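Trainee: Let's see this in three dimensions:
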Amino acid sequence: MWYELYEERWVIYGILIIGGIGLLGKLITAGAYGSLVRASDEMGSSKNKLMKLLCLKFETFYKLKIGVNNVDTFVDKYVHKQRFCGIRLSTWTNFGGQMTMLCLAGAIFGSVWGYILHCGQETILFTFLAGTGAAFVLIFFDNFLNIRGKKEMLRINMQDYLENYLKAKLENEHLTPEVLENYRRAYFEETVENQKKKVEQKAAEKRRKLAIREETAAVQEKIIEEILKEYLA
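Mentor: Next comes the predicted model:
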């Protein structure tokens, strides 16, 4: 039975099916990340649900006077949560890699199994070539589609918009005005206090000058009085 299955190349068909599933997974993952990258290029005006949700939550943090200290972690959290058909994109990425390993395992163990069953060399060779060929195709498409590069570009686009544009805008709208208001109040109170001190200093200086004048006038009056007494005497 096993000999007949092997000779009828069902192992090869199985390997090719696994390779096809892996290739489909890579295409789906690349397409999903590519769509997100295009949406992140115009993140502020994008209608993509992720971009809108991310911006909304980011703004909410600042409206609550909390702010976001680590934008990188904030972005990574939502990038890793992205799903397609209910499955996370990171799982789709790992799935493609697992299919590649299965193809290589099928090539090695399938060839050994054929040798143990004493199958024909041609069938064993085809089994090995099918497994290694399918794995090579998956590796090629993995590099060609550049899934990791798309994921990194998505993260960079989102982080750039949130940190270099939206964060500065929200800080000016929700955090800086409060600081400026406090500074204005402190400056106003300090200015009023300084004005009061200046008024008091001017009043004191005026009283001092008046006292000096009165004292001078009294001295002069006394001197005049003494002079008149001497003169009349």
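Trainee: does A130 sit in a helix or strand, and which one?
Mentor: helix 121-145 (DSSP states H and E).
Trainee: Mind listing what's buried along that helix?
Mentor: Residues of helix 121-145 classed as buried by neighbour count (16 or more other C-beta atoms under 10 Å): 123-124, 126-128, 130-135, 137-138, 141-142, 145. All C-beta spots, glycine's among them, are computed from the backbone N, C-alpha and C.
Trainee: for stretch 96-113, same thing?
Mentor: 96, 99-100, 102-104, 106-107, 110-111, 113.
Trainee: quick one on the thing from earlier: so what secondary structure elements neighbour the helix holding A130?
Mentor: Judged by 3 or more C-beta pairs under 8 Å, 6 or more residues apart in numbering; DSSP states H and E, the packing partners of helix 121-145 are helix 2-7, helix 10-41, helix 89-116.
Trainee: okay, these in CSV with mean pLDDT next?
Mentor: What follows is the helices and strands packed on helix 121-145, written out as CSV (pLDDT from 0 to 100):
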stretch, mean pLDDT
helix 2-7, 61
helix 10-41, 87
helix 89-116, 81
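Trainee: L154: which of the ones you listed is closest?
Mentor: Closest to L154 of the helices and strands packed on helix 121-145, according to C-beta to C-beta: helix 10-41, at 5.0 Å.
Trainee: Quick check: E42 vs M158, distance?
Mentor: 12 Å (C-beta to C-beta, to the nearest Å).
Trainee: Between these two, which has more neighbouring residues?
Mentor: For E42 versus M158, neighbours defined as other C-beta atoms under 10 Å are more numerous around M158 (27 against 13).
Trainee: Report all helices and strands that the helix or strand harbouring that one contacts.
Mentor: Using DSSP H and E, M158 falls within helix 147-161. Secondary-structure packing of helix 147-161 (3+ C-beta pairs under 8 Å, 6+ apart): helix 10-41, helix 71-80, helix 89-116.
Trainee: how about whichever helix or strand comes after it as CSV, C-alpha atoms only?
Mentor: Of the helices and strands lying after helix 147-161 in sequence (DSSP H and E), the nearest is helix 167-170. Extracted in CSV, the C-alpha atoms of helix 167-170 (Å, rounded to 0.1, in the frame of the first residue of the first chain):
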residue,chain,number,x,y,z
LYS,A,167,2.3,64.6,18.7
ALA,A,168,3.6,68.1,18.2
LYS,A,169,0.2,69.3,17.2
LEU,A,170,-1.6,67.7,20.1
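Trainee: Summarise which helices and strands helix 167-170 is packed against.
Mentor: Judged by 3+ C-beta pairs under 8 Å, 6+ apart, helix 167-170 is in contact with helix 49-63.
Trainee: ok and the helix it packs on relative to helix 147-161, angle-wise?
Mentor: Calculated by axes from the mean of the first three to the mean of the last three C-alpha atoms, to 10 degrees, helix 49-63 forms an angle of 30 degrees with helix 147-161.
Trainee: Just the CA trace of helix 49-63, in CSV.
Mentor: What follows is helix 49-63, C-alpha atoms only, in CSV (Å, rounded to 0.1, in the frame of the first residue of the first chain):
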residue,chain,number,x,y,z
LYS,A,49,-9.8,51.6,9.9
LEU,A,50,-6.4,51.0,11.5
MET,A,51,-5.1,54.5,10.7
LYS,A,52,-8.3,56.2,11.9
LEU,A,53,-8.3,54.1,15.1
LEU,A,54,-4.7,54.7,15.8
CYS,A,55,-5.0,58.5,15.4
LEU,A,56,-8.2,58.6,17.4
LYS,A,57,-6.6,56.7,20.4
PHE,A,58,-3.5,58.8,20.1
GLU,A,59,-5.5,62.0,20.3
THR,A,60,-7.5,60.6,23.2
PHE,A,61,-4.4,60.2,25.3
TYR,A,62,-3.6,63.9,24.9
LYS,A,63,-7.1,65.1,25.5
